[in-house]
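J.: just to be clear, the model below is a prediction. Sequence and coordinates:
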Amino acid sequence: MLKYFFQLLLPPRMPGVRSLRRQILALSLLAVLTGSGVLVITHALLSSNARRLRHSQAVERIRQELLAAQISERKGEGLREHLRRVLTPGMVVWIAGQPLHRQGMPSIAAGFAMSIPLPKLLQLAESKLGNDGPQEFRVGQWSYVTSVLSVPELTPRSMVRLGFISDVTDDQAQEQFLQILLAVSALITTLITGLLLRPAISSGLKPLDELSMRLEQIQTDSLAQQQIQLENQPIELLPIAEAFNRLLQRLSEAWERQGTFVNGVSHELRTPITIIGGYARRLAREAEPLSPRQRQQLALIVAEAERMGHLVTDLLDLARSDAGQLQLSQSGVDPWTTLRSVLQRLQEHADGRLRIDPALEERDLPRAGGDPARVEQCLANLIENAMKYAPASTPILLSCSQQPCGRVVLHVIDQGPGVPVKDRQRIFERFRRGSQATDVVGSGIGLAVVKALMRAMGGDVDVVDGPTGGADFRLHLPAEDPTSEAKRN
């Protein structure tokens with residue numbers, strides 16, 4: 001019953017996840033139930049003590065009256081007659097410690113309903129008598145309290161032990177009824193407490209939820225300016241907020257040092273890489289006839305110099321993006337012009353694999369907002385990525401479309417193995433590569449640069465399955481307002 005009771009009050013439990021709300025509410029309800037249980041047990045103990053106390057008071061009153069009375073020399077009749085006058089209703093008295101058939105004084109009852117034969121009742125009471133005060137015992141559904149008392153028989157030196165039995169069945173029934181009411185009240189109180197505690201706990205933990213949301217909104221581009229406000233934080237969360245602010249400050253300083261290092265190293269590397277590539281090309285053109293192996297080695301030097309140049313440029317763009325110093329020229333992008341420019345510039349490098357969707361010639365493509373040079377840089381990175389993964393004999397298609405939401409989308413579609421769904425977010429993270437990139441050379445920053453550049457231009461990048469297999473990398477750019485083009489003209 002308690003299981004279903006708690007399931008009713010407690011919030012749903014998520015497998016494998018600990019809920020602070022659930023723990024607080026469960027502990028609160030257990031505390032209420034424990035307190036109610038202690039109350040019920042205390043009431044039962046107090047009720048038992050009260051029954052014994054009433055019995056003891058009645059016996060004490062009889063003792064005082066016996067001591068004050070003049071008992072007749074006829075011990076049996078005098079004591080019996082006097083007991084009849086002072087005996088409290090609902091009690092039985094007998095001479096304790098003697099067999100019933102040898103007692104000189106018959107047992108006396110006053111207003112007593114016998115549930116069992118009197119000899120058996122007295123025998124049970126005899127077994128309960130002791131020096132520890134009144135004792136309780138039950139016979140079926142009947143409850144009794146018994147005790148023993150020594151009183152003068154003929155003279156103060158002549159004593160007799162009298163046993164007393166009180167019928168407390170009605171009192172105990174009433175007390176049990178009260179205990180049931182207390183138990184029901186405890187369950188109702190726990191239910192009401194749980195219903196009231198749920199919104200109270202949610203309200204009390206609201207600052208923790210707000211702190212969690214605030215932490216999720218923190219970006220790496222301006223860590224020092226995103227510190228948590230300490231003024232309105234509860235005293236319990238204040239140390240956490242202060243520690244997190246100090247952590248943000250240290251991360252900001254480390255991020256700035258890293259950006260400065262990457263920026264400086266990138267600038268220092270560009271010059272020697274350019275010199276190496278230039279002299280390698282010049283040597284290949286002007287040197288005496290070279291052997292095929294030497295030409296192959298010079299071509300490898302040129303290719304590696306170009307690759308290192310692209311890598312340095314990407315690192316420099318990432319460093320500037322982190323520092324908020326990325327330079328953009330938002331002059332607008334003509335999709336058709338941009339695709340043809342990329343085709344002409346990279347066709348030779350792509351071994352003639354690049355194609356522009358023929359259907360674009362018949363479309364009136366809208367202009368998009370952005371930096372044309374940066375968009376070409378993003379397309380070049382995507383084309384280079386497609387050349388790595390798609391088979392050498394398959395074409396790479398460049399296309400453009402417009403979404404109903406007003407976005408212009410540039411497509412780079414290959415016929416390679418595609419990108420698994422689980423990798424479609426991580427491949428755009430820095431130094432992260434897809435699960436199928438184990439045998440492909442790469443740094444893991446090309447797609448991260450594309451994402452940084454597109455975000456800086458108000459766009460985005462993603463990848464889906466191609467129409468005939470492979471991967472479709474999409475650059476999303478905001479459509480340009482027609483009035484902006486009229487203003488430029």
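T.: Perfect, I can see it now. On a predicted model such as this, the values are computed, not experimentally measured, just so you know.

J.: ok, Lys128 - contacts?
T.: Neighbour list for Lys128: 135, 137, 146 [criterion: C-beta atoms under 8 Å, 6 or more residues apart in numbering]. C-beta here means a position set from N, CA and C on the backbone, and glycine is covered the same way.

J.: highest neighbour count among these?
T.: Greatest neighbour count in those, by other C-beta atoms under 10 Å, goes to Thr146: 24 neighbours.

J.: quick one, grab the pLDDT at that residue.
T.: Thr146 is assigned 88 on the pLDDT scale.

J.: for Ala200, see how far away Leu237 is.
T.: 17 Å (C-beta to C-beta, to the nearest Å).

J.: looks like Glu429 contacts Gly446 (just checking).
T.: No - using C-beta atoms under 8 Å, Glu429 makes no contact with Gly446, being 11.9 Å away.

J.: more neighbours: which of those two?
T.: Set side by side, Glu429 and Gly446 show more neighbours around Gly446, with 21 against 13, by other C-beta under 10 Å.

J.: helix or strand for the residue nearest to the more buried one when sequence neighbours are not counted, just tell me which one.
T.: Distances taken as C-beta to C-beta, 6 or more residues apart in numbering place Asn381 nearest to Gly446, at 4.6 Å, with adjacent residues excluded. Per DSSP states H and E: Asn381 is located in helix 372-389.

J.: after that helix, next one along is what?
T.: Going down the chain from helix 372-389, the next helix or strand is strand 396-402, by DSSP H and E.

J.: which helices and strands does that following strand pack with?
T.: Helices and strands touching strand 396-402, by 3 or more C-beta pairs under 8 Å, 6 or more residues apart in numbering; DSSP states H and E, are helix 335-346, strand 354-356, helix 372-389, strand 407-413.

J.: identify the residues contacting that strand?
T.: By C-beta under 8 Å, 6+ apart, strand 396-402 touches 335-336, 339, 342-343, 350, 353-357, 359-360, 363, 365-366, 379, 383, 386-387, 390, 408-414, 479.

J.: among those, name the buried ones.
T.: With burial judged by 16 or more other C-beta atoms under 10 Å, the buried subset of the contacts of strand 396-402 is 335, 339, 342-343, 350, 353-354, 356, 360, 365-366, 379, 383, 386-387, 390, 408-414.

J.: what sits against the residue nearest to Gly446?
T.: Counted by C-beta under 8 Å, 6+ apart, Asn381 has contacts 314, 446-447, 449-450.

J.: okay, now the unreliable bits of the stretch 201-350 of the chain?
T.: Filtered on pLDDT under 70, the stretch 201-350 of the chain yields the residue ranges 217-226, 259, 262-263, 266-267, 287-288, 322-325.

J.: would you map the helices across it?
T.: Using DSSP state H, counting those that start in this stretch, the helices found in the stretch 201-350 of the chain span residues 206-216, 238-286, 292-323, 335-346.

J.: now those as a markdown table including distance to Asp465?
T.: Shown next, in a markdown table, are the helices of the stretch 201-350 of the chain (distance: least, C-beta to C-beta, whole Å):
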| stretch | distance to Asp465 |
| --- | --- |
| helix 206-216 | 30 |
| helix 238-286 | 35 |
| helix 292-323 | 27 |
| helix 335-346 | 21 |
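
J.: and of those helices, who's closest to Ser166?
T.: Among these, helix 206-216 comes nearest to Ser166, with 59.6 Å by C-beta to C-beta.

J.: tell me how many other residues crowd Arg407.
T.: 18.

J.: wait, it touches Leu477, no?
T.: Yes - using C-beta under 8 Å, Arg407 makes contact with Leu477 at a distance of 6.7 Å.

J.: shared neighbours of the two, anything?
T.: Residues touching both Arg407 and Leu477 (C-beta under 8 Å, 6+ apart): Gly459.
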